[in-house]
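**Student:** Would you be able to build a 3D model of this:
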Amino acid sequence: MTVISSIDDIFSLYASKGNEAYGERVTSLEHSLQCAHLARKAGADDELVIASLLHDIGHIVADLQGDERFDMEVDDDDHEAVGARLLSPLFGPKVSQPVSLHVTAKRWRCTVEPSYHDGLSDTSKATLKAQGGLMSEEECRRFEQHPGFQRALDLRSWDDQAKEMDVDCPPLESYRELMLRLLRS
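**Tutor:** Okay, here's the model as predicted:
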């Protein structure tokens, strides 16, 4: 697995792989920038903005969706866990926890709001099965009691919306100072 030990490593990763498709109509970088922009517009705190920006970094690192043998309905790259493990040493739990929970938030919403599933992108619908599918009542209750529940739902909402073509968003470089500030805190 790729090791990320600095902000420069994150920027290098997005420079080398961010413009690749990952099953949506937009590139990984476009999706990330849109998600962070939506978080900022909603008034999210700095940590949740960066979590929104970097929530799919695990996809980029795993790089499995470009493999012709990768089946989105069967194979799960565990991108949320990979991303959280990469980000936690740099930014701590306020950034890594929403990243680790954004797939659980999708599963929860699909379980408790069946109409939510209908609004998912085709790719997100396909990956749901590999990510564990619908949750049991007990799994839902446990997630609802998790202290990161609301932040994960907020991130999930922006994640779902951040798949539009030709959206004008601030560039990745505009987040460097914020990342550096969070790194130091």
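**Student:** Point to the residue nearest the middle of this structure.
**Tutor:** Nearest to the geometric centre of the chain sits His55, at 2.7 Å (C-alpha atoms, centre = their mean).
**Student:** residue contacts, that residue?
**Tutor:** His55 makes contact with Ser32, Cys35, Glu80, Gly83, Pro98, Val99, His102, Leu155, Asp159 under the criterion C-beta atoms under 8 Å, 6 or more residues apart in numbering. (Each C-beta comes from the backbone N, C-alpha and C, glycine too.)
**Student:** Pull out the buried positions in the lengthiest helix in the chain.
**Tutor:** Determined from DSSP state H, the single longest helix within the chain is helix 93-112. Going by neighbour count (16 or more other C-beta atoms under 10 Å), the buried part of helix 93-112 is 94-111.
**Student:** So for the residue nearest to the centre of the chain, what's the nearest residue that isn't a sequence neighbour?
**Tutor:** Nearest residue to His55, sequence neighbours excluded (C-beta to C-beta, 6 or more residues apart in numbering): Val99, at 4.9 Å.
**Student:** for His117, same thing?
**Tutor:** Leaving aside its chain neighbours, His117 sits nearest to Cys110 (4.6 Å; criterion: C-beta to C-beta, 6+ apart).
**Student:** picking that back up, let's see the pLDDT reported for the residue nearest to His55.
**Tutor:** On pLDDT, Val99 comes in at 97.
**Student:** same check, this time on Lys17
**Tutor:** pLDDT, Lys17: 89.
**Student:** check contacts around the nearest residue to it once chain neighbours are set aside.
**Tutor:** The shortest distance from Lys17 to any non-neighbouring residue, by C-beta to C-beta, 6+ apart, is to Ile60 (4.9 Å). Applying C-beta under 8 Å, 6+ apart to Ile60 gives the contacts Leu13, Tyr14, Lys17, Gly18, Glu20, Tyr22, Ser28.
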